[in-house]
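J.: What shape does this take:
(chains A and B)
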Amino acid sequence: NAGVTQTPKFQVLKTGQSMTLQCAQDMNHEYMSWYRQDPGMGLRLIHYSVGAGITDQGEVPNGYNVSRSTTEDFPLRLLSAAPSQTSVYFCASSSPYEQYFGPGTRLTVT
Amino acid sequence: SQELEQSPQSLIVQEGKNLTINCTSSKTLYGLYWYKQKYGEGLIFLMMLQKGGEEKSHEKITAKLDEKKQQSSLHITASQPSHAGIYLCGAEAGGTASKLTFGTGTRLQVTL
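T.: Presented below is the predicted three-dimensional model:
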């Protein structure tokens, strides 16, 4: 039982490049979410999903896309990376009474 | 939108001392989550409180939910160096665990 896994752990992108952050969970949770964590700003919700095929925007969705084709996977796509997207990204998986986070991806956009 | 304020922002305690961290919400609390984060690492789920007056414990950490005050408190008894880290509270926005609003955290240092 690995819980929530994220890849890669570290990534450096140049402005304008695109990439996908991977997230997978093996707890059969319906709910999954993506957050970004920035100094002084705390954790902010980017996108979330309440089940396969269902996604919605969070607080800071601009510049990011998500899809949920399976219960296990919830990838986050950066369409055209900008320096403002330099952050630590966390994926989370939830049941109604608990939410578990992955180890995070540290992204730097130059 | 809901805002969570944590106090204090940082705390230094001597090993063996007790401490309390508070999390106050600008709106009614329906579900309150507590996490611990070590620098550069992910968030470790500690516990979730749902009902007013509810109290839960995880090892030497106890959390309570005061529905009327829209506040939760996290109490650590006989602190140890292993308790050091950043404690974060998160509240359900819209009644679902998939959407949490977080406080900015309380940084705890435990000295020998």
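
J.: Buried residues of the helix or strand of chain A with the lowest mean pLDDT, list them for me.
T.: Ranked by mean pLDDT, DSSP states H and E, the helix or strand of chain A with the weakest confidence is strand A:98-101, at a mean of 91. Within strand A:98-101, the residues scored as buried using 16 or more other Cβ atoms under 10 Å in any protein chain shown are A:Gln99, A:Tyr100, A:Phe101. Where C-beta positions appear, they are placed from N, C-alpha and C, glycine not excepted.

J.: So the first one sits against A:Ser93, correct?
T.: Yes. Because the distance of 7.2 Å satisfies Cβ atoms under 8 Å, A:Gln99 is recorded as touching A:Ser93.

J.: In terms of pLDDT, where does B:Gly40 sit?
T.: Confidence at B:Gly40, expressed as pLDDT, is 81.

J.: who touches stretch A:59-77?
T.: Outside stretch A:59-77, the residues within contact range by Cβ atoms under 8 Å, 6 or more residues apart in numbering or on different chains are A:18-26, A:28-30, A:32, A:34, A:36, A:44-47, A:49, A:51-55, A:78-80, A:82, A:85, A:89, A:91, B:1.

J.: Tabulate the buried residues of strand A:98-101 in a markdown table, adding columns for distance to A:Glu59.
T.: Listed next are the buried residues of strand A:98-101 as a markdown table, based on distance: Cβ to Cβ, whole Å:
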| residue | distance to A:Glu59 |
| --- | --- |
| A:Gln99 | 16 |
| A:Tyr100 | 20 |
| A:Phe101 | 17 |
